[in-house]
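Asks: pasting the structure only:
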């Protein structure tokens, strides 16, 4: 069997992977400070999804204070790319289910997209959800706040209210990592479960807030296996065990017929 090779395309500033005979479309949004090049920072996860026959559209973004505008821009770019893929014939099958997959800030943007705009989503995967105020999220914002009241739009409280009153995606997967001190999935979970009983899945997995951006980086062992080599191999095994567990969990939730 020929080895699968990822053929990334750049379309209107987004990174796109199109597998043969796709069974769905994933709109991916990453974390606030690692989302500028998602095909690099999230390569392992995104290429796994493409191998599972999902079209991957990874939309980069620059973090600003106006998260509502960021959500609208991310949605507009996603829809423009989908239209272009159909017009050019790169996608032929209409009606593919669309899933939002987000990490950290990307979760908040997907929640806003599905609360502020009339979109159709088969489901959302929300990894390490984060909805902290600006003072905790942006370095040095306390110094700026001496001059002006700096806060995100919508604020964390307004975001929670929008979700509770307007969020329209029934099926959701929330993933919390065991060693993640900034995750807020436990606050989001009861809100979604109150709206969609029996449709919200919650998983606690081994890992940290940065587990989704772990990569398969090579480590060349020297002629003699040193203590440093041993430590590197031990760390690598742990990191990729957590990452592989994450990818399998996401893949199985997207399609329960997927073999783990």
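Replies: That came through, no problem. A quick note: this is a predicted structure, and the numbers were derived from the prediction, not measured. Residues are numbered from 1 along each chain as shown.
Asks: for the protein, what spans make up the strands?
Replies: Using DSSP state E, the strands of the chain run over residues 9-11, 14-17, 24-29, 54-58, 98-103, 123-127, 172-179, 200-208.
Asks: Counting by contacts, list what the second one packs against.
Replies: For strand 14-17, the contact count by 3 or more Cβ pairs under 8 Å, 6 or more residues apart in numbering; DSSP states H and E identifies strand 9-11, helix 38-41, helix 43-51, strand 54-58, helix 67-87 as packing neighbours. C-beta coordinates here come from the backbone N, C-alpha and C atoms, glycine included.
Asks: nearest to residue 250, of the strands of the chain?
Replies: Distance to residue 250, taken as Cβ to Cβ, is lowest for strand 123-127 among those, at 5.7 Å.
Asks: neighbouring contacts of the closest one?
Replies: 97, 99-104, 107, 110-111, 114, 169-175, 185, 188, 212, 246, 250, 253-254 (Cβ atoms under 8 Å, 6 or more residues apart in numbering).
Asks: could you redo the last one with a cut-off of 6 Å?
Replies: 99-103, 107, 110, 169, 171-175, 212, 250 (Cβ atoms under 6 Å, 6 or more residues apart in numbering).
Asks: what's the closest of those residues to residue 7?
Replies: Nearest member of those to residue 7, counting by Cβ to Cβ, is residue 101, at 19.8 Å.
Asks: low-scoring stretches of the chain, by residue?
Replies: For the chain, the stretches flagged by pLDDT under 70 are 1-4, 137-149, 215-239, 259-260.
Asks: center of it, which residue is that?
Replies: Among the residues of the chain, the one closest to the centroid is residue 102, at 2.2 Å (Cα atoms, centre = their mean).
Asks: and that one, bridged to which residues?
Replies: residue 29, residue 126 (DSSP bridges).
Asks: OK, contacts around it?
Replies: Neighbouring residues of residue 102 by Cβ under 6 Å, 6+ apart: 29, 110, 126.
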